[in-house]
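In: No sequence on hand, only this structure:
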DNA sequence: GCGACAAATGTAAACGTTTTCATTGAGAAA
DNA sequence: TTTCTCAATGAAAACGTTTACATTTGTCGC
């Protein structure tokens, strides 16, 4: 790869002048500009983003970090798509880090991201108490949280109203006449799980339908959905409806219900948090709480780029609406 | 962030010595080593991967590129997971580039990746004739192709036997007695689409069942599945079975079939290329050709890391098996 | 015709590492 | 004692940029 030095030599100027035309930062004679542009073309010169990043901390080095707990979850894939679209438009590249809800791995990735001198970070932290992330924010790195916030520190957040979304879903089950409504939760250390549980309880307690034995906690994975749904169905007095805490749990629970040849919603109804674009092709078409995942990613990307150019801007917490998509699983 | 210089000062040594203990590359006195390690701890020093990458092209800078056409396709998500697992184990970070099957975008990303001085690249190129990627390979960057190969150049490839997979699926339809078997293809510029079409034709021609009007070409997206499936069903003499070229097309076609209240497989059968972990929860449980996507990613990651440490190793083309998962959609 | 100013360009330091080469000192061999 | 070897360390260059500062012109006002 040709360097700026070679371009300068070929054009018969100094590297400073080359840099000037590249960033058109300063006045340079039209004839030399043309000479330089020609040399760049001839040599197929491409500036090194690495050198740029090393040299100028102030100026954008055009690299963003994205830190998510589970790339297998279609919700995060859509968030990522939203981020990526904005990043591409602004000439940013993305370092993608998938930490699998493993705190050790998350810390390692945070270290790597810092070490890569990224311009900014979009993260769904392992917990709202994430010390490492908080200290990175305090050090001045622009950060936007998605889906999960942080406590004890001011930070941009984009998420949905989890409690209201869950409340709407479970209220719908109650209105439909279900009496024993179970909840398969994710990790209680994840704030969104807790908020969804809160909405679930609030909807039930109105009508005194809350039954502690019908709440199961897992690790938010597909497998946890499979297992915990089986546990629920094995109960001497099983639930007549199940509310699942996320995408993967929903799919896992469906798997179990189908394996046992139970009819949905006749034998047991199900409503999930997180919609999927193929939800209407599931058996049966799934009633689900839709988060605008792509939009969340897009907004987060925009906020981040704003913050990079204006670090002083006050923090924004953007709560988007979750919408109940009623289909036929309840 | 503390730099090596500050560590050196605090430990009362030169940066050379600090570098030596960090890479334990050379003999250094035990007492000074301890002093330095303490200084590193005190200052929470973390080496800059950027400076490292700039300085030593020879030594690994621990950054990999991944270039994929569509992150929304669950197949690529699983490939990515496989890559990521291997990368993490080897202390590599990943720059993820999703080019949306857009050649312009792909070229821009390839430029960025080069400019970022990545150590190696895993790519599913836009076409088998991808000039930019070929020239990058010629320049000596370690590259492994996944899912799609390149012609006219020797390169590591990990993929499945697309033709055989398609052949098995369509043969199964033939054996089940279907006579008018349609194919919703992806972009013909994508090699895997063509190989799958080849398998489809071969399976039909055996029994003279091939009907050109039942082959539709799209852009491999969900929407193309929706639209082209509608076109097929609108035919005066519609197909009694449909074979779909990938994940997203399958889901799109299902959407259309359900919207029209057609029964699967009574009114029309469907078999898809690409399995999903929730296939058995679809309506009906989907018969599909399973690619070992995670395994593909893992193998590609391993091959890449091998190649980085030994650029001379002869190229390998690894063909994994595609397996027909028979459920109840045909 | 002279000082002032602006346009155009160059020089060199800096970013944070790795790495080559040189230097020091101590112990061993002669 | 002298010389040699080797362990331990430092000095400085290099990677490819940006940028502060310096220098050289030419033009303009007077």
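Out: Here it is on my side, so go on. Here the structure is a predicted model, which is why all the values come from computation and not from measurement.
In: alpha carbons only for contacts and neighbour counts from here, please
Out: OK.
In: Count the neighbours of residue A:95 for me.
Out: By other CA atoms under 10 Å in any protein chain shown, the residues close to residue A:95 number 26.
In: Next up, the contacts around residue A:211.
Out: Residue A:211 is in contact with A:180, A:182, counting by CA atoms under 8 Å, 6 or more residues apart in numbering or on different chains.
In: Which pLDDT value belongs to it?
Out: Turning to residue A:211, the model gives it a pLDDT of 97.
In: Residue A:294 belongs to a strand?
Out: No: under DSSP: H, G, I helix; E, B strand; the rest coil, residue A:294 sits outside any strand and is assigned helix.
In: who are the neighbours in contact with the residue of the stretch 201-330 of chain A found nearest DNA strand C?
Out: For the stretch 201-330 of chain A, the residue positioned closest to DNA strand C under CA to the nearest atom of the strand is residue A:308, at a distance of 18.7 Å. Listed by CA under 8 Å, 6+ apart, the contact set of residue A:308 reads A:119-120, A:142.
In: What is the nearest of those residues to chain B?
Out: Within the contacts of residue A:308, proximity to chain B (CA to the nearest CA) peaks at residue A:119, which comes in at 12.7 Å.
In: Pull the number of nearby residues for that closest one.
Out: By other CA under 10 Å, neighbour count at residue A:119 equals 25.
In: And it, how far from residue B:116?
Out: Going from residue A:119 to residue B:116 by CA to CA, to the nearest Å gives 14 Å.
In: Repeat that for residue A:140.
Out: Relative to residue B:116, and taking CA to CA, residue A:140 is found at 24 Å.
In: quick one, which of those two is more surrounded?
Out: residue B:116 (25 against 10).
In: Tell me where chain A is predicted with low confidence.
Out: Chain A contains residues with pLDDT under 70 at A:57-61.
In: Can you give me the domain assignment for it?
Out: Structural domains annotated on chain A: A:4-47, A:63-159+A:293-322, A:162-290, as defined by automatic domain parsing.
In: how about CSV for the ones you listed, with distance to residue B:296 added?
Out: Formatted as CSV, the domains of chain A follow (distance: least, CA to CA, whole Å):
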stretch, distance to residue B:296
domain A:4-47, 32
domain A:63-159+A:293-322, 16
domain A:162-290, 21
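In: and of the ones you listed, who's closest to DNA strand D?
Out: domain A:4-47 (3.3 Å).
In: Could you give the separation of that closest one from the chain centroid?
Out: 41 Å (CA atoms, centre = their mean, to the nearest Å).
In: again with stretch A:317-330
Out: The chain centroid and the centroid of stretch A:317-330 are separated by 17 Å under CA atoms, centre = their mean.
In: same check, this time on stretch A:301-320
Out: 16 Å.
In: So what does the residue lying closest to residue A:103 once chain neighbours are set aside look like in phi/psi?
Out: Nearest residue to residue A:103, sequence neighbours excluded (CA to CA, 6 or more residues apart in numbering or on different chains): residue A:126, at 6.3 Å. Main-chain dihedrals, residue A:126, degrees, to the nearest 10: phi -60, psi -30.
In: in chain A, which spans are helices?
Out: Counting by DSSP state H, chain A has helices at residues A:4-11, A:15-22, A:30-43, A:49-55, A:74-89, A:103-115, A:131-138, A:162-175, A:191-205, A:222-234, A:247-259, A:293-309.
In: Kindly calculate the angle that the second one makes with helix A:30-43.
Out: Read it as helix A:15-22. For helix A:15-22 against helix A:30-43, the angle by axes from the mean of the first three to the mean of the last three CA atoms, to 10 degrees is 90 degrees.
In: elements contacting helix A:15-22?
Out: helix A:4-11, helix A:30-43 (3 or more CA pairs under 8 Å, 6 or more residues apart in numbering or on different chains; DSSP states H and E).
In: Would that helix count as contacting DNA strand D?
Out: Yes: Helix A:15-22 reaches DNA strand D (CA under 7 Å from any atom of the strand) through A:15-17, A:19-20, A:22.
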